[in-house]
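In: Below are the sequence and a predicted model; questions follow.
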Amino acid sequence: MNSREGQGDGVEDSPRGRVEMIPAKRRALILERLRREGAAGIQELADAIGASLSTVRRDLEHLVKQGALERTHGGALLQSTERATFEPDVALAAQLRRDEKHAIAAAVADGLRPGQSVIFDASTTVLAVARAVVARRLPLTAVTNSLTTAQVLAEAPAVQLIVPGGTVRPGSTTLVGRPGEEFLRGIHADIALLGTHAITGRTLTETALDVAAMKQAMIAAARHVIVLADSSKFTTASFCTICDVADVQEIVTDDGAAPSVLAELRGLNVALRVISVPRQGRGRG
């Protein structure tokens, strides 16, 4: 996005010549700061992300419309009760917890082996695994319901790519429903890589029924299911259940997860990998 501020919702055009930043990244930084602090003023946010007051106001209004924030006099705070169906737009989701996602993805990609058949779901962390697979020139048979992930994997001559089809969800590049679900019922992959909107206790949940149904089909189609969930995913349940923790074989998260959460997971019948992420980079892109 290269439009100037004042011509839409583009990059910063402060007279002080601040470094350009795409709107999705600014909004991710705002959300990350509010997650840490609970609330913040407009001036505080502008100073923290290097944007003008008018830009921050527009970003806050956008996030309010999405349901992520509540406006206060002179600032904003996180929604006191997150909606079970809330999900950030695609561009914003890609910017949230980037360091954590990249660290998790690198660790998972390191565990993949040449010749394996791997299902990639449409989550942003799994997309990062796809990029790592391409960088490593790893020969795989890959199945994905994400047009974005398919485009990334198509760049790798060593990857045999299968896109099972379906209906594109509004505002995304995710395929759901028929014929993708039927195709998944007929395959037996080595590994399925899945994201989730939330892990609450021993339950994995999503914001939409069609997304949950596709993930359930992927779980049934693979011998080994790995859930990639950064530490922000350990929160209140979303709208619909994907599965129980017992239905997957492995969860990979980062060391920002609460010790009590990690202890509970270790008590369940699932392998747990905790990836270290440098603290100075947390939440930054």
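Out: Received it, and whenever you're ready, just let me know what you need.
In: how about A150, what does it touch?
Out: 144, 161, 163 (CB atoms under 8 Å, 6 or more residues apart in numbering). For glycine as for every other residue, the C-beta is placed from the backbone atoms N, C-alpha and C.
In: could you say which helix or strand contains it?
Out: According to DSSP states H and E, A150 maps onto helix 147-153.
In: which element follows that helix toward the C-terminus?
Out: strand 159-162.
In: helices or strands next to that next one in the packing?
Out: Applying 3 or more CB pairs under 8 Å, 6 or more residues apart in numbering; DSSP states H and E, we find strand 159-162 packed against strand 140-144, helix 147-153.
In: residues of it that come out buried?
Out: Neighbour counts using 16 or more other CB atoms under 10 Å place 159, 161-162 of strand 159-162 among the buried residues.
In: Name the nearest of these relative to L175.
Out: In terms of CB to CB, no member of these lies closer to L175 than I162, at 11.9 Å.
In: Return the per-residue confidence for the closest one.
Out: Note on I162: pLDDT of 98.
In: Grab the nearest non-local neighbour of it.
Out: In space, and not counting its chain neighbours, I162 is closest to V143: 4.7 Å by CB to CB, 6 or more residues apart in numbering.
In: Kindly report the same for N145.
Out: Nearest non-adjacent residue to N145 (CB to CB, 6+ apart): L175, at 4.3 Å.
In: same deal with H102?
Out: A128 (5.6 Å).
In: and the one helix or strand the one you found maps to with strand 140-144, angle?
Out: Using DSSP H and E, A128 maps to helix 124-136. With axes from the mean of the first three to the mean of the last three CA atoms, to 10 degrees applied, the angle from helix 124-136 to strand 140-144 works out at 150 degrees.
In: tell me which residues of helix 124-136 are tucked away?
Out: Buried, per 16+ other CB under 10 Å, within helix 124-136: 124-134.
In: re the thing from before, okay if I get the buried residues of strand 159-162 as CSV plus distance to I30?
Out: What follows is the buried residues of strand 159-162, written out as CSV (distance: CB to CB, whole Å):
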residue, distance to I30
V159, 36
L161, 36
I162, 38
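In: ok, of those, which one's closest to D254?
Out: V159 (26.7 Å).
In: How about the closest one: which residues does it bridge to?
Out: Beta-bridge partners for V159, by DSSP bridges, are L140.
In: do S117 as well
Out: Under the criterion used (DSSP bridges), S117 bridges to T141.
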